[in-house]
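A.B. asks: no sequence on this one, just coordinates:
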RNA sequence: CGGGGUGUAGCGCAGUCUGGUAGCGCGCCAGCUUUGGGAGCUGGAUGUCGAAGGUUCGAAUCCUUUCGCCCCGACCA
């Protein structure tokens, strides 16, 4: 039993990651000015401007990818008739415990059959409208996405990772054939995977969820799993093959080219503000947040150093010109010319907020024609020629983006093991520790549950082709029964 | 929901055991001096002590109830 350790912190400082990972995480969120716990509303958070700006960048990039793959945005009601939720058996069972119900409205108690729940996800209500909108195979595929908030009554909340209300997007599509639907599931999983790696610099394993971990009501759930810096896994996105389950529950039928009446094949897929939690736990350090340039609201900050008016006169015009040049190159640049704060204080502040690169520009630099620059992750400052700095900056930022991805990949490799014996397995996961472990599993729910019960370790996914070790026969780590391939095991968020 | 913590100024905390009317550091405001890695001095502002009830002449402190947050379980994006 881990007793909560009191970590003495100086004001405005961050608990060391190695001392207490959860405290570190909270400190980074606070010091980065990303969000705060709402307190007045149980389990909810306020996403502050700097945190929301990151979400907006995530949204912008993903939205473009969704549109490029043919999807259109729409918006469905927040309130869903309770009767809808009850229509799909597995769906009810999965979501019932975490649903908030509106029982009173207009000053009166609503009759049982007129009560609403606040959406935990929108498969049901969208199924209802799909059934109205879809008549023939010519209406298919129906490719809809919704940016929305959802609510799930969680017992245990953590900022960005699990809150009662959260922001996400949910894609919902309907297709004429199962094959087409499966292709959609894969397509969107790849959109997520590419986004995670190229934009978030967060490497992911693409895989399939076991039956016990899949979405309530789906035939199959595919996922991307990322390793956090404590070795735990974060499910960062999911893409579901819903089969005809919701089609049947909501009578979503179409007339095929051959004139037959058939149920549609549906998919749904989503990522949430949880991605921000993943971003934090993939890259950040004891000095605070580290953002990949592609998601940084401020990519470069210029700190002018000028104490006297005469120095300001020489420095500030150079700073302004450099800022303009950077802007012209498409760089999100911020000049921190606040009075009354010393340069050092500004350096720390922007580091905590995750700005990828800092440029220091003072009288000496103007004289020499070189500015001091410092990447968020390096210990050394580098001199760059002021004249060519703006031209070089896109390349520097690209390099930084790549560096973060490579570093995260290396970290994952160093913390990924192949395990074949139960003793070794228990050792890897002893005392709260976690790694990614490729292990054989006999494919049964019972074994999966036993492993989880004894070690807290879950099967994160069965890797898709090329995402894990090549399939090979083996024996289950727990039971010794035959296994056809290794699966990814880890503790998870 | 169980176990363990915790709630006092914007942030971090002391004060609670042993009741006497609230303090420290940082931050904030003003002024001067400063300014290339968290500045110094002087002066100043800020609290319904999580909430509600009770005991008491008197409650941050004792009692009861309640709410939030954190950690560990049970459940989940």
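C.D. replies: That came through, no problem. Source: prediction; values computed, not measured.

A.B. asks: Helix, strand or coil: sort out the residue in the stretch 201-350 of chain A that RNA strand B sits nearest to for me.
C.D. replies: In the stretch 201-350 of chain A, the residue found nearest to RNA strand B is residue A:344; the distance is 2.5 Å by Cβ to the nearest atom of the strand. Where you see a C-beta, it was placed from the backbone N, CA and C, and this is true even at glycine. In terms of secondary structure, residue A:344 is helix; the call rests on DSSP: H, G, I helix; E, B strand; the rest coil.

A.B. asks: So which residues of chain A form helices?
C.D. replies: All helices of chain A, identified by DSSP state H, fall at A:21-31, A:49-68, A:82-85, A:89-95, A:123-133, A:178-194, A:245-249, A:274-283, A:309-328, A:343-352, A:363-368, A:386-414, A:422-428, A:445-455.

A.B. asks: so residue A:285 makes contact with residue A:18?
C.D. replies: No. With contact defined as Cβ atoms under 8 Å, residue A:285 does not reach residue A:18; the gap is 10.6 Å.

A.B. asks: quick one: which of those two has more around it?
C.D. replies: Neighbours per residue (other Cβ atoms under 10 Å) separate residue A:285 from residue A:18, with residue A:285 holding more: 16 against 10.

A.B. asks: Any figure for the gap between the more buried one and residue A:202?
C.D. replies: Applying Cβ to Cβ, to the nearest Å, the value for residue A:285 to residue A:202 is 15 Å.

A.B. asks: Could you do residue A:450 as well?
C.D. replies: 31 Å.

A.B. asks: Please compare these two by neighbour count and tell me which comes out ahead.
C.D. replies: In this comparison of residue A:450 against residue A:202, neighbours counted by other Cβ under 10 Å, the higher total goes to residue A:202 at 27 against 13.

A.B. asks: domains for chain A, by residue range?
C.D. replies: As given by automatic domain parsing, the domain ranges for chain A are A:21-283, A:298-398, A:416-490.

A.B. asks: Make TSV from the ones you listed and add distance to residue A:292 to it.
C.D. replies: Listed next are the domains of chain A as TSV, based on distance: least, Cβ to Cβ, whole Å:
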stretch	distance to residue A:292
domain A:21-283	4
domain A:298-398	7
domain A:416-490	21
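
A.B. asks: highest average neighbour count across those domains?
C.D. replies: Compared across the domains of chain A, domain A:21-283 shows the largest average neighbour count, a mean of 19 (mean count of other Cβ atoms under 10 Å).

A.B. asks: if we can go back for a sec, can you tell which of the helices of chain A is closest to residue A:110?
C.D. replies: Between residue A:110 and these, the tightest spacing by Cβ to Cβ is seen for helix A:82-85, at 9.6 Å.

A.B. asks: So which bits of the stretch 101-250 of chain A are right by RNA strand B?
C.D. replies: With Cβ under 7 Å from any atom of the strand as the criterion, the stretch 101-250 of chain A meets RNA strand B at residues A:152, A:154-159, A:161-164, A:166, A:213, A:215-216, A:235, A:238.

A.B. asks: Could you dump the domains of chain A into CSV and include mean pLDDT?
C.D. replies: Shown next, in CSV, are those (pLDDT from 0 to 100):
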stretch, mean pLDDT
domain A:21-283, 93
domain A:298-398, 94
domain A:416-490, 93
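
A.B. asks: Much appreciated, bye for now.
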